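A.B. asks: just need the structure, nothing else, for what follows:
(one chain, ligands or ions: 1)
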Amino acid sequence: MSLTPLTETQQEIQRLARDFARAEIAPHAAAWDRDASFPVAVAHRMGELGFLGMLLPEIHDGLGLDTLSYLLALEEIAAADASAAVLMSVHNSLPTQMLLDFGSEVQKERWLAPMARGEIIGAFALSEPEAGSDASSLRCQAVRDGDDWLLTGTKSWVTSGTFAGVIMVMARTDTSDARRGSKGISCFIVTPDLPGFHVGKKEDKMGLRASPTVQLNLDALRVPAANLLGEEGQGFAYAMQSLDNGRLGIAAQAIGIARAALDASLAYAAERKQFGQAIREFQAIQFKLADMGARIESVRALLHATAAAKDRGESTTMHASMCKLLASETAMYVTTEAVQIFGGYGYVKDYPVEKFFRDAKITEIYEGTSEVQRMVIARELYLS
Ligand code: CAA
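C.D. replies: The predicted model follows:
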């Protein structure tokens, strides 16, 4: 169900993603969740099929697609497993896009093709234990040492951190004046083989359990000066601009989770009988299903319109935040109602909706909480 008219190519991408997700992801999602592990081979397979270089030009082995195609594919993957979707979203929207937008020709040449093929998985390290919503208060320091930079500090909540082969790390290169805030931050291309790189605590999470989220401990991590991304001091603006893309990805992920919860609820309401009839015959259940469907359709329409605006070259900061805010709140609403429709069976792991409910919650938190999205939206409204 989608109001957006899709081109042949967009329909083909959607079909390809749906077939792959149903055959190779959905059957394993519950086990990956239970074991809190994600097979790297699946990430490599996503790369083989093109899902990890969707927006990259063909010269970098990407598919060179538009944003809507990418978001359609992401929704399909998320409907099968939100952990697989966050890997795909972070990889495409953050490190890959940052290299494409701000990297030198040498950096693009070195990293983008293997990232598009899924041989290298990308990650993004902005947050710290004491710098979450207030990202520009980060304290990780980068000090110049000859031809290198030495990075010291702790990075938190790094998605795909156990197997990422390239990580965009934001660190403070100018500590001369604390008030410089966002101005003194630079972005470094970090690889796990560099001396001083340590993967720290792996988080034991409520949802998205298969996706490895880790701390990174940087102990005078020696990064060649050639790995500075773009201009010194611009790292925060690069991260923010990239999060505009990332938030569209998380919105698609949230819609995928919500859609899967609605589909499961529709099937269950048709088969479950109480008081002598299928529960979907009761108006109380019909109203829930109607509200779930209406909310999903409306936010999906906003997301698709925003994708089109992005591809026209328009600034989408405000609309990306609106999409992320509304899609994540829709995912939480829909999965809560899904658990209610399933009743006791919604609360146990025999059915998938308790996983959808746990997975949905993080979409209101990462890549900017709902409160941060409201801040961004309000600021943009004042400006317009
Ligand atoms: N595009 C380009 N530049 C931008 C920008 C954007 N969308 N947003 C801000 N900037 C620039 C500003 O123009 C400004 O530059 P100038 O000073 O030259 O004008 C600079 O960045 C600082 O901007 P602000 O003054 O707005 O910064 P702030 O400190 O007030 O913070 C904020 C604003 C919106 C609250 C921001 O800190 C924020 O988004 N916080 C949430 C952080 C976040 O989303 N973290 C998620 C981490 S990733 C993750 O979740 C893990 C994962 O892997 C999934």
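A.B. asks: show me what contacts G132?
C.D. replies: S156 (Cβ atoms under 8 Å, 6 or more residues apart in numbering). C-beta here means a position set from N, CA and C on the backbone, and glycine is covered the same way.
A.B. asks: what's the pLDDT at it?
C.D. replies: With respect to pLDDT, G132 scores 96.
A.B. asks: go on, R180?
C.D. replies: R180 is given a pLDDT of 66.
A.B. asks: try the one 4 residues further on
C.D. replies: On pLDDT, G184 comes in at 94.
A.B. asks: tell me the contacts of it?
C.D. replies: 172-177, 233.
A.B. asks: so how far is T363 from G246?
C.D. replies: Separation of G246 from T363 (Cβ to Cβ, to the nearest Å): 12 Å.
A.B. asks: neighbour count: those two, which is higher?
C.D. replies: T363 (31 against 23; other Cβ atoms under 10 Å).
A.B. asks: what residues are up against that one?
C.D. replies: 250, 253-254, 257, 324, 327-328, 331-332.
A.B. asks: inside strands: which ones of the residues you listed?
C.D. replies: Applying DSSP state E to the contacts of T363, no entry is found in strands.
A.B. asks: so which of the residues you listed comes closest to the ligand?
C.D. replies: Nearest to the ligand among these is I250, at 7.3 Å by Cβ to the nearest ligand atom.
A.B. asks: residue numbers of the chain in contact with the ligand?
C.D. replies: Contacts of the chain with the ligand, taken as Cβ under 6 Å from any ligand atom, map to 90, 124, 126-127, 133, 135-136, 157, 159, 182, 236-237, 240-241, 243-244, 317, 366-368, 372, 375-376.
A.B. asks: any of the residues you listed buried? List them.
C.D. replies: 90, 124, 126-127, 135-136, 157, 159, 182, 236-237, 240-241, 243-244, 317, 366-368, 372, 376 (16 or more other Cβ atoms under 10 Å).
A.B. asks: picking that back up, can you lay out the contacts of T363 as a markdown table showing neighbour count and pLDDT?
C.D. replies: Below are those laid out as a markdown table (neighbours: other Cβ atoms under 10 Å; pLDDT from 0 to 100):
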| residue | neighbour count | pLDDT |
| --- | --- | --- |
| I250 | 30 | 98 |
| Q253 | 34 | 98 |
| A254 | 34 | 99 |
| I257 | 35 | 99 |
| K324 | 34 | 98 |
| A327 | 30 | 99 |
| S328 | 31 | 98 |
| A331 | 34 | 99 |
| M332 | 19 | 98 |
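A.B. asks: most remote residue from the chain's center?
C.D. replies: In the chain, counting by Cα atoms, centre = their mean, G276 sits farthest out from the average C-alpha position, at 43.7 Å.
A.B. asks: distance between stretch 233-241 and the chain's centre?
C.D. replies: Centroid displacement of stretch 233-241 relative to its chain, using Cα atoms, centre = their mean, to the nearest Å, is 18 Å.
A.B. asks: ditto for stretch 122-138
C.D. replies: 15 Å.
A.B. asks: same check, this time on stretch 278-287
C.D. replies: Worked out by Cα atoms, centre = their mean, stretch 278-287 lies 34 Å from the chain centre.
A.B. asks: pull out the buried residues from it.
C.D. replies: Here stretch 278-287 shows 279-280, 285 as buried, counting by 16+ other Cβ under 10 Å.
A.B. asks: next step: the residues you listed restricted to helices.
C.D. replies: Judged by DSSP state H, helices contain the following of the buried residues of stretch 278-287: I285.
A.B. asks: would CSV of the buried residues of stretch 278-287 with pLDDT be doable?
C.D. replies: Shown next, in CSV, are the buried residues of stretch 278-287 (pLDDT from 0 to 100):
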residue, pLDDT
I279, 98
R280, 98
I285, 98
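A.B. asks: can you redo the buried residues of stretch 278-287 as CSV with distance to F51?
C.D. replies: Output for the buried residues of stretch 278-287, formatted as CSV (distance: Cβ to Cβ, whole Å):
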residue, distance to F51
I279, 37
R280, 35
I285, 36
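A.B. asks: so which strand or helix has the one residue in the stretch 201-350 of the chain that gets nearest to the ligand?
C.D. replies: Relative to the ligand, the nearest point of the stretch 201-350 of the chain is M240 (3.3 Å; Cβ to the nearest ligand atom). Element membership for M240 (DSSP states H and E) is helix 235-271.
A.B. asks: can you name the residues that contact I257?
C.D. replies: 78-79, 82, 331, 335, 356, 359-360, 363 are the contacts of I257 under Cβ under 8 Å, 6+ apart.
A.B. asks: what does K355 give?
C.D. replies: 29-30, 33, 207, 349.
A.B. asks: so what's A320 up against?
C.D. replies: Counted by Cβ under 8 Å, 6+ apart, A320 has contacts 244-245, 247-248, 251, 306.
A.B. asks: and of the residues you listed, the nearest to Q340?
C.D. replies: Nearest to Q340 among those is A251, at 23.9 Å by Cβ to Cβ.
A.B. asks: ok, L381 to the ligand distance?
C.D. replies: 14 Å (Cβ to the nearest ligand atom, to the nearest Å).
A.B. asks: ok, G53 next?
C.D. replies: Following Cβ to the nearest ligand atom, the distance that separates G53 from the ligand is 18 Å.
A.B. asks: looking at that residue now. What's its pLDDT?
C.D. replies: 98.
A.B. asks: do the same with the one 4 residues further on
C.D. replies: Predicted confidence (pLDDT) for P57: 97.
A.B. asks: pretty sure it is in contact with G64, am I right?
C.D. replies: Yes - if you go by Cβ atoms under 8 Å, P57 and G64 touch, sitting 5.0 Å apart.
A.B. asks: so where do the helices sit in the stretch 51-200 of the chain?
C.D. replies: Using DSSP state H, counting those that start in this stretch, the helices found in the stretch 51-200 of the chain span residues 67-80, 82-91, 97-102, 105-116.
A.B. asks: okay if I get these as a markdown table plus distance to G50 and mean pLDDT?
C.D. replies: Listed next are the helices of the stretch 51-200 of the chain as a markdown table, based on distance: least, Cβ to Cβ, whole Å; pLDDT from 0 to 100:
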| stretch | distance to G50 | mean pLDDT |
| --- | --- | --- |
| helix 67-80 | 9 | 98 |
| helix 82-91 | 11 | 98 |
| helix 97-102 | 16 | 98 |
| helix 105-116 | 8 | 98 |
